[in-house]
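> Need the 3D shape of this:
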Amino acid sequence: MKKDINRREFLQQTAAAGLLSLGSPHILAFAANPAKTESASPVWQRTNVKVACLYMAHSSDTPSWGGLWPKPDLDLKKEIDFYKSEFAKLRDQIADVDFVVNQLVTHPSQVQQLREKLQTVDGILVIHLNLGIMPILEEILKLSQPTMVFAVPYSGHEWVEFGKLRKQQLGGKMDCLLTSDYSQLALAIKPFRAIRHLKDSKILDLSTYLPVDYTKAIKDKFGTEIKQIELNRMLDIYNSIDDKLAKKEADLWIKKAGKVIEPSKDEIFKSCKLALAFEKMLRQQKANVMTVDCYGSMYHKLPAFPCIGETRLNDMGLGGICESDLPCAITHLIFQGLTGRPSFISDPTMDVSKNAIYLAHCLGSTRMDGPDKPPASYKLRSIAERQEGAVPQVKMRIGQKVTQAILVETDSMPYFTGEIVDAPVDIRFDRGCRTKILVKIDGDAGKLWQNWRGDLHRQTCYGDVTKELGYFSRFKGIKMVNEAI
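Residues are numbered from 1 along each chain as shown. Coordinates of the predicted model:
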């Protein structure tokens, strides 16, 4: 029994869901009302997430014990129509998803026929409908594609084998959502979105040195390109920026700031002119992340520090990362792909007496909730340890759950979660970097500092995103390690 879901019919039924929209609801490729340096062309354009949606069932017309559960006369068409209606409810969350395959599969041979198409997708969403599907699932897993199995209660008894299968080589890129919560269909797709986001991304590193082995390893594993940018090229773009546009941008930052404390108007102007130059550079290079070796090879060689420019990119739904920290740039992209939100790079310092950790940096983001959400308040300050430059000191939200992580090499992800219990911005609290949060750790702060891996910098994202991060890490062969337990 073979039944293709008619693509035209599927799209008609889910037209309101916007399943093939050209823009992601999570990752904005356009500037959020900045002063334009060129045309209104996109800074960077990502492609749709390519997902194969396979409805997996044992055919009732095949003489076998299969298909008897949840009931022998299960109407597969009605089941599929129901899932279509659930996808339609999720229209705001899956507007960037292109279901390149939508098919009921009732025999392993159908998977073989789809092999070529299935090898081009970012992930396979398998919806379990009834009993007797293991041969079909095993055939899907032979493709070694990221595969999420969605199984509601009473879909079949095979769930008792899923755990064992995940531990085998065949199930190495498989994970499962065993749930009656149909909204988690959107969760199932999030790791596929992050995989696509990394493939489409390009990082520009303004530095005199690029670690060739690392950049090759990242390209090979994730598809992300990292390109070195020379100083003279950046200066040429800086000098090409219209001073009127730079002043307009500077006036906007000053107007929206709660207070300007140390930096002069000229320092803010130069910082904003560099910010517009970053945007122009990204547009020219069709890139979406900029990082600058600001304390190393680029120290005092640029007209201004890059802090406002990098903050602005994060607020736009792109990426600005301090100090040519490429592992932080990749981690930022992972968080962004999973959540649509930027992450906060930080220098941490422990307070075991409070079972907490301070996360601080002079580069913040005013839109930690996402580029389309209201900004947090900020003051314009100097870089604390340098007593120069201009940076936004951002007031982050107390009570907010956060996840911190870093990709070490290409195969390890140390992380922890916690809750922001303080966000000191008082000028008297002038130790460390300007933007600070105190995070009460879910776990043991003593274990966290003893288990700490990698370098000082980490990335922190709003929300507990460990489920999404776990699915992504499994699909990409990354070992997650909670350092606080």
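> Near Gly477, how many other residues are there?
Gly477: 11 surrounding residues under other Cβ atoms under 10 Å. Heads up, the C-betas are built off the backbone N, CA and C, glycines and all.
> SS state for it?
Classification of Gly477 using DSSP: H, G, I helix; E, B strand; the rest coil returns coil.
> And the residue nearest to it when sequence neighbours are not counted, how far from Tyr299?
Using Cβ to Cβ, 6 or more residues apart in numbering and skipping the chain neighbours, the partner closest in space to Gly477 is Asp411 (6.2 Å). Separation of Asp411 from Tyr299 (Cβ to Cβ, to the nearest Å): 32 Å.
> Pro135: what secondary structure?
Relying on three-state DSSP, one would call Pro135 helix.
> Which pLDDT does the model give the closest residue to it other than its chain neighbours?
Using Cβ to Cβ, 6+ apart and skipping residues adjacent in sequence, the residue nearest Pro135 is Pro108, 5.0 Å away. On the pLDDT scale, Pro108 is placed at 93.
> Check Leu170 too.
89.
> in a strand, that's where it is, yeah?
No - judged by three-state DSSP, Leu170 forms no part of a strand; its state is helix.
> what sits against the residue nearest to it when sequence neighbours are not counted?
Using Cβ to Cβ, 6+ apart and skipping the chain neighbours, the partner closest in space to Leu170 is Leu141 (5.0 Å). Leu141 sits next to Thr147, Leu165, Leu170, Gly171, Lys173, Met174 when contact means Cβ atoms under 8 Å, 6 or more residues apart in numbering.
> how much space is there between Leu141 and Val149?
10 Å.
> likewise Ile437?
From Ile437 to Val149 the distance is 37 Å (Cβ to Cβ).
> residue ranges with poor pLDDT in the stretch 351-485 of the chain?
Along the stretch 351-485 of the chain, segments meeting pLDDT under 70 span 425-432.
> what ranges do the strands span in it?
356-361, 378-383, 388-394, 401-405, 412-422, 435-441, 458-462, 479-482 (DSSP state E, counting those that start in this stretch).
> again with the stretch 101-250 of the chain
123-128, 147-151, 174-178, 202-206, 225-229.
> got the contact list for the second one?
Here strand 147-151 makes contact (Cβ under 8 Å, 6+ apart) with 123-128, 137, 140-141, 158-159, 162, 173-179, 184-185, 188-189, 191-192, 471.
> Can you select the buried ones from those in PyMOL?
To isolate the buried subset of those in PyMOL, counting by 16 or more other Cβ atoms under 10 Å, use the following:
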select buried, resi 123+124+125+126+127+128+137+140+141+158+162+173+174+175+176+177+184+185+188+189+191+192+471
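> What is the burial count for Thr366?
22.
> now do Thr215
Thr215: 18 neighbours (other Cβ under 10 Å).
> how much space is there between the nearest residue to it once chain neighbours are set aside and Ala329?
Leaving aside its sequence neighbours, Thr215 sits nearest to Ile226 (Cβ to Cβ, 6+ apart; 4.3 Å). According to Cβ to Cβ, Ile226 and Ala329 sit 8 Å apart.
> Overlap in contacts, these two.
By Cβ under 8 Å, 6+ apart, the residues touching both Ile226 and Ala329 are Ile203.
> higher neighbour count, these two?
Neighbours were counted for Ile226 and for Ala329 using other Cβ under 10 Å; Ala329 has more, 26 against 23.
> Which strands and helices lie in contact with the helix or strand where the more buried one lies?
Take DSSP states H and E as the rule and Ala329 turns out to sit in helix 326-339. Judged by 3 or more Cβ pairs under 8 Å, 6 or more residues apart in numbering; DSSP states H and E, the packing partners of helix 326-339 are helix 184-200, strand 202-206, helix 212-222, strand 289-292, strand 319-321, strand 401-405, strand 458-462, helix 466-475.
> 6 Å instead, please
helix 184-200, strand 319-321, strand 458-462 (3 or more Cβ pairs under 6 Å, 6 or more residues apart in numbering; DSSP states H and E).
> Most tightly packed of those?
Of the helices and strands packed on helix 326-339, the one with the most neighbours on average (mean count of other Cβ atoms under 10 Å) is strand 319-321, at a mean of 28.
> what's the offset of it from the middle of its chain?
Distance of strand 319-321 from its chain centroid, counting by Cα atoms, centre = their mean, to the nearest Å, is 13 Å.
> Counting neighbours, what do you get for Gln119?
11.
> measure Pro306 to Ala257 for me?
For Pro306, the distance to Ala257 equals 18 Å [Cβ to Cβ].
> These two - which one has more neighbours?
Using other Cβ under 10 Å as the criterion, Pro306 and Ala257 rank with Pro306 on top: 30 against 18.
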